[in-house]
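Asker: can you look at this prediction? I've put the sequence above it.
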Amino acid sequence: MRGAGALGAAALLLAAGLAPGGARAATIEVEIDGIEPGGGRVFVALCQGGLSEAACRDGDSARAAGSRQRFVLQDVSPGTYALAAFQDLDGDGRLDRTPLGLPLEPYAFSGEGGRGARPDFARAAFAVREPGLAIRVRLSRALPPR
């Protein structure tokens, strides 16, 4: 996977461990919906064991192009992950937050990981096996745009 750069407090990246029993790496196709007009980059990553910056260390990003974008994460070791994504509207490479920690830019987690409550790894988690899977998430805002 390509490096995504610094993602700040909501770093979104892959923490891949060695797979037991010689299992082969998988591919994950990620479709991000709800990208807002105005550009910036869209960051997407896999987290393992939690949703903290330390649990999310590798991922991918691309310039926002349209309301939907597709990413392909390759060479992912089988295991349990959560997907996190955000749109960096101001180009600073970080998910901007209020002093209380609420995201100011569009963001998403897999599953029910961040809907209506504090993000939770167990609610966002999914299993990755060979040959891989497809995941779709929709970016949304915690607060209206300023």
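Answerer: Ah, there it is.
Asker: and the pLDDT for Ala54?
Answerer: Confidence at Ala54, expressed as pLDDT, is 83.
Asker: repeat for the one 3 residues further on
Answerer: Looking at Arg57, its pLDDT stands at 79.
Asker: Gly22 now?
Answerer: For Gly22, pLDDT reads 56.
Asker: how many neighbouring residues does the spatially closest residue to Leu73 that is not a sequence neighbour have?
Answerer: Distances taken as Cβ to Cβ, 6 or more residues apart in numbering place Ile28 nearest to Leu73, at 4.5 Å, with adjacent residues excluded. In this view, the C-beta of every residue, glycine as well, is placed from N, C-alpha and C. Ile28 has 21 neighbours, counted by other Cβ atoms under 10 Å.
Asker: against Gly132, how distant is Ile28?
Answerer: Distance, Ile28 to Gly132, using Cβ to Cβ, to the nearest Å: 5 Å.
Asker: repeat for Ser67
Answerer: Relative to Gly132, and taking Cβ to Cβ, Ser67 is found at 25 Å.
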